[in-house]
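A.B. asks: Need the 3D shape of this:
(chains A and B)
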Amino acid sequence: MPVEAPSADTLKEMYTRMWRIRLFEEQAEYQSSQGKVMGALHTYIGEEAVAVPVCAHLKDTDYITSTHRGHGHCISKGADIKRMMAELFGRATGYCKGKGGSMHIADFAIGMLGANGIVAGGFGLATGAGWAAQLRKSGQAAVCFFGDGAANRGPFHENINIAAVWKLPVVYVCENNQFAQWTPQKDVTLVTDIANMAPAYGIPGVQVDGMDALAVYEAAGEAIARARRGEGPTLLECKTYRFHGHNFGDPQMYRTREEIAEWSDKRDPIKRLAAHLKEAEILTDDEDKAIQQRVAAEIQEAVRFAESSPYPTPDELYKDIYSYEYA
Amino acid sequence: MPKISLRDALRDALHEEMARDESIIILGEDVIMHGGPYAVTRGIYEKYPERIRQTPISEAGIVGTALGAALCGMRPVAEIMYVDFITCAMDEVVNQMAKVRYMFGGQTDVPVVLRLPSGTARLIAAQHSQSLEAWFMHVPGLQVVVPSTPYDAKGLLKTALRGRDPVMFIEYKRLYTNEGEVPEGDYTIPFGKADIKRVGRDATIVATGPMVGKALEAAESLALEGIEVEVVDPRTLVPLDRETIFASVHKTNRVIVTDEEVKRGGTSAEIASLIAEECFDALDAPVKRVASANVPMPFSPELEKLVVPKAEHLVAAVRELVG
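C.D. replies: Numbers count the residues shown, from 1 in each chain, chains lettered A, B, ... in the order given. From the prediction side, this is the model:
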């Protein structure tokens, strides 16, 4: 069943969200360099054309699970960047009241079941979300975002197998950025095309250029529609690249400047979508500038919100361990 | 009151709660075919075919899937065939299930019940005989429940199935066939409420799981010598009813803590240290612990019988305390 081409509005919204991710991450890195954002910071810069077009097919009632590199997933699903930034600043107004930080942002109200600090931690959650949806016959779908490193962990195998045999409405989206932290993928696995693992579970495996938002939109649309029709899970692999290393401050000794430039200069997913939109006369230069200015202003507003928010008070320490107070 | 086995009490609780709440779903290995190796889920499939799933041998997948479903409005009950196998799902238990409420700032309830057959039975050696309560107690966010009687098992499982937090429900395999009085009709037992299984004045035995029966046996024989032992069963280790334990210590001034776990770092260590911290002035003698030997469970019956404490060990310990 062919996927309907995205409308001009959808494309512009996708483009806006990609910029929102890019500028949010650049701001988070800046704030980290200033000591305002503390702890680990893994940015999604370079991978925007994966989560945004995938989530363009999802409603608030659909579910996603995420990774340690989760800001892009949150923004793609429609999270509030003020509360995200406040969480990065460790403030009480953050999504997790300052108890989660960058690696644990969640927004259950929009089906974002949490960034996850454990590689492959999202597989079970997405599979269970799919099971809940199937039992309710609600037509909801679940998307599990994961990296190439996670494909080497057991939960990848156990959960995809369960979802396949139960025909669950789940799409497993591999963001293959070719590095597991600092280790090149090819050094630790002979099967570098994750989509090729799908036949082992009896499900479709699809590979797509993860720097091409339109290609991802089409492939994800097909996989999500298939899930909603009750035909079971798909393994969708998006070949992508993280422009800024594993974490902020990563010296990146494992790759060359030339390799990074090859991707960031020539294959930037935002530039690519911009070029397409202008060529198709969907976006003018002025509109492009306006979008970037609007998003930049939103980010500044998010920083102001975070900076002016209070830290959590000591009484929060023992709250939320259980539904009742006990420690 | 009718007498039923602990296994039947658990099964009744599942049936009754599934009739009451259609969000309760069950998953696990062989849970349909034989109702699991201990037949607790027998008959569920016939009644609720949509709500019970037999899984591949994938403990990480089972717990992860249960948790995901719980975050999306369901109430999953996962059977882990033997508690020993939970080691294959420790990320899902420790880093995910126990943490999601807290690290996401209280955004979600986590109503997952993991049923965990535990302890020795039928000489099944080192990888099928463990008791891991203390591991779970150590992780904030988990609740740990250890019923010792059919009555407690049914009431505690019902509470678990109506709660909002993850439950590690420890089922001692050797207790499955033990019979006890269970009233017909609905009742629940709150978590964090210890039960005084026998009233006494000379010494307290704080006992969990299969050690409760042995403590009662010991108390019976000590009563013949005029020594009156109080037996306190915490029933839930997290939350723990410290008040009832401390009150008993204040009454008897002598206490033994006993469980079937390996003694080193076990539940008995935690409870004994709480008593030492909070009731030091009430103690007429040091707190004693009676628990399993610090060894992997051996296979041979001649060795296995040396590992787990018996009633006679409790009798000896009480005599030492009051002597």
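
A.B. asks: Identify the residue spatially nearest to residue A:216, adjacent ones excluded.
C.D. replies: Closest residue to residue A:216 in three dimensions, ignoring its sequence neighbours and counting by CB to CB, 6 or more residues apart in numbering or on different chains: residue A:53, at 4.3 Å. C-beta: built from backbone N, CA, C; applies to glycine.

A.B. asks: what's the neighbour count on the nearest residue to residue A:160 once chain neighbours are set aside?
C.D. replies: Excluding the flanking residues, the one nearest residue A:160 by CB to CB, 6+ apart is residue A:201, at 5.0 Å. Neighbours of residue A:201 under the rule other CB atoms under 10 Å in any protein chain shown: 21.

A.B. asks: What strand or helix carries residue A:12?
C.D. replies: Following DSSP states H and E, one finds residue A:12 within helix A:8-33.

A.B. asks: Oops, could you answer that again for residue B:156 instead?
C.D. replies: If you go by DSSP H and E, residue B:156 is part of helix B:150-162.

A.B. asks: just checking, what packs against that helix?
C.D. replies: Helix B:150-162 is packed against strand B:3-5, helix B:6-20, strand B:113-118, strand B:143-145, strand B:167-172, strand B:179-181, with contacts defined by 3 or more CB pairs under 8 Å, 6 or more residues apart in numbering or on different chains; DSSP states H and E.

A.B. asks: and these as CSV, adding mean pLDDT, mean neighbour count and distance to residue A:181?
C.D. replies: CSV is the format used below for the helices and strands packed on helix B:150-162 (pLDDT from 0 to 100; neighbours: other CB atoms under 10 Å in any protein chain shown; distance: least, CB to CB, whole Å):
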stretch, mean pLDDT, mean neighbour count, distance to residue A:181
strand B:3-5, 98, 15, 52
helix B:6-20, 98, 20, 43
strand B:113-118, 98, 27, 31
strand B:143-145, 98, 26, 34
strand B:167-172, 98, 26, 32
strand B:179-181, 98, 15, 54
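
A.B. asks: residues making contact with the helix or strand containing the residue nearest to residue A:216?
C.D. replies: Here residue A:53 is covered by helix A:48-55, with elements defined by DSSP H and E. Applying CB atoms under 8 Å, 6 or more residues apart in numbering or on different chains, the external contacts of helix A:48-55 come out as A:14, A:17-18, A:21-22, A:44, A:64, A:72-73, A:75-78, A:143, A:145, A:171, A:173, A:175, A:210-214, A:216-217, A:220, A:224, A:236, A:238, A:240, A:269-270, A:272-273.

A.B. asks: between that helix and helix A:8-33, how big is the angle?
C.D. replies: Put simply, helix A:48-55 runs at 130 degrees to helix A:8-33, going by axes from the mean of the first three to the mean of the last three CA atoms, to 10 degrees.

A.B. asks: I'd like the average pLDDT over helix A:48-55.
C.D. replies: Average pLDDT, helix A:48-55: 98.

A.B. asks: Dump that helix to CSV, restricted to CA.
C.D. replies: What follows is helix A:48-55, C-alpha atoms only, in CSV (Å, rounded to 0.1, in the frame of the first residue of the first chain):
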residue,chain,number,x,y,z
GLU,A,48,17.1,14.7,12.8
ALA,A,49,15.8,13.1,9.6
VAL,A,50,15.2,9.8,11.5
ALA,A,51,12.9,10.6,14.4
VAL,A,52,11.1,13.6,12.9
PRO,A,53,9.6,11.9,9.9
VAL,A,54,8.9,8.7,11.8
CYS,A,55,6.9,10.6,14.5
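
A.B. asks: Report the contact partners of residue B:301.
C.D. replies: Residue B:301 makes contacts with residue B:123, as judged by CB under 8 Å, 6+ apart.

A.B. asks: Contacts only, for whichever residue of the stretch 51-200 of chain A sits closest to chain B.
C.D. replies: For the stretch 51-200 of chain A and chain B, the shortest gap (CB to the nearest CB) falls at residue A:124, measuring 1.4 Å. The contact partners of residue A:124, by CB under 8 Å, 6+ apart, come to A:155, A:158-159, B:60-61, B:63-68, B:92, B:96.

A.B. asks: Do you have the strands of the stretch 101-250 of chain A handy? List them.
C.D. replies: For the stretch 101-250 of chain A, the strands defined by DSSP state E, counting those that start in this stretch cover A:142-147, A:170-176, A:179-180, A:183-184, A:205-209, A:234-239.

A.B. asks: Out of the ones you listed, which is closest to residue B:38?
C.D. replies: When the strands of the stretch 101-250 of chain A are compared by CB to CB, strand A:170-176 sits nearest residue B:38, at 31.3 Å.

A.B. asks: so does the closest one get close to chain B?
C.D. replies: No: shown here: strand A:170-176 not in contact with chain B (CB under 8 Å from any CB of the partner chain), separated by at least 9.5 Å.

A.B. asks: Restricting to C-alpha, output that strand in CSV.
C.D. replies: C-alpha atoms of strand A:170-176 as CSV (Å, rounded to 0.1, in the frame of the first residue of the first chain):
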residue,chain,number,x,y,z
VAL,A,170,5.6,-2.2,16.9
VAL,A,171,8.1,-0.6,14.6
TYR,A,172,11.7,-1.1,15.6
VAL,A,173,13.7,1.8,14.2
CYS,A,174,17.4,1.4,14.2
GLU,A,175,19.4,4.7,14.1
ASN,A,176,22.5,3.2,12.7
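
A.B. asks: thinking again about what came up before, would you convert the helices and strands packed on helix B:150-162 into TSV that also reports distance to residue B:293?
C.D. replies: As requested, the helices and strands packed on helix B:150-162 are arranged in TSV below (distance: least, CB to CB, whole Å):
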stretch	distance to residue B:293
strand B:3-5	29
helix B:6-20	26
strand B:113-118	17
strand B:143-145	22
strand B:167-172	18
strand B:179-181	29
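
A.B. asks: of the ones you listed, which approaches chain A most closely?
C.D. replies: Ranking these by proximity to chain A (CB to the nearest CB) places strand B:143-145 first, at 7.3 Å.

A.B. asks: Note down every partner strand of that closest one and its orientation.
C.D. replies: strand B:167-172 (parallel), strand B:236-238 (antiparallel) (DSSP bridges).

A.B. asks: Relative to residue B:33, tell me which of the ones you listed wins on proximity.
C.D. replies: For the strands paired with strand B:143-145, the distance to residue B:33 is smallest for strand B:167-172, at 19.0 Å, taking CB to CB.

A.B. asks: just the angle between the closest one and helix B:6-20, please?
C.D. replies: Using the same axes, to 10 degrees: strand B:167-172 against helix B:6-20 is 150 degrees.

A.B. asks: can you give me the offset of strand B:167-172 from its chain's centre?
C.D. replies: Chain-centre distance of strand B:167-172: 4 Å, with CA atoms, centre = their mean, to the nearest Å.

A.B. asks: ditto for stretch B:158-178
C.D. replies: Worked out by CA atoms, centre = their mean, stretch B:158-178 lies 7 Å from the chain centre.

A.B. asks: Just the buried residues of it, please?
C.D. replies: Using 16 or more other CB atoms under 10 Å in any protein chain shown as the test for burial, stretch B:158-178 gives B:158-161, B:163, B:165-176, B:178.

A.B. asks: now do stretch B:134-146
C.D. replies: Result for stretch B:134-146 [16+ other CB under 10 Å]: buried residues B:134-137, B:139, B:141-146.

A.B. asks: Just give me the closest of those to chain A.
C.D. replies: Within those, the smallest distance to chain A is 5.7 Å, found for residue B:141 (CB to the nearest CB).

A.B. asks: Contacts only, for the closest one.
C.D. replies: Listed by CB under 8 Å, 6+ apart, the contact set of residue B:141 reads A:321-322, B:97-99, B:101-102, B:110, B:165-166.

A.B. asks: okay, now residue 21: neighbour count?
C.D. replies: All of this refers to chain A. 26.

A.B. asks: My question was about chain B, not that one.
C.D. replies: Using other CB under 10 Å, residue B:21 is surrounded by 11 other residues.
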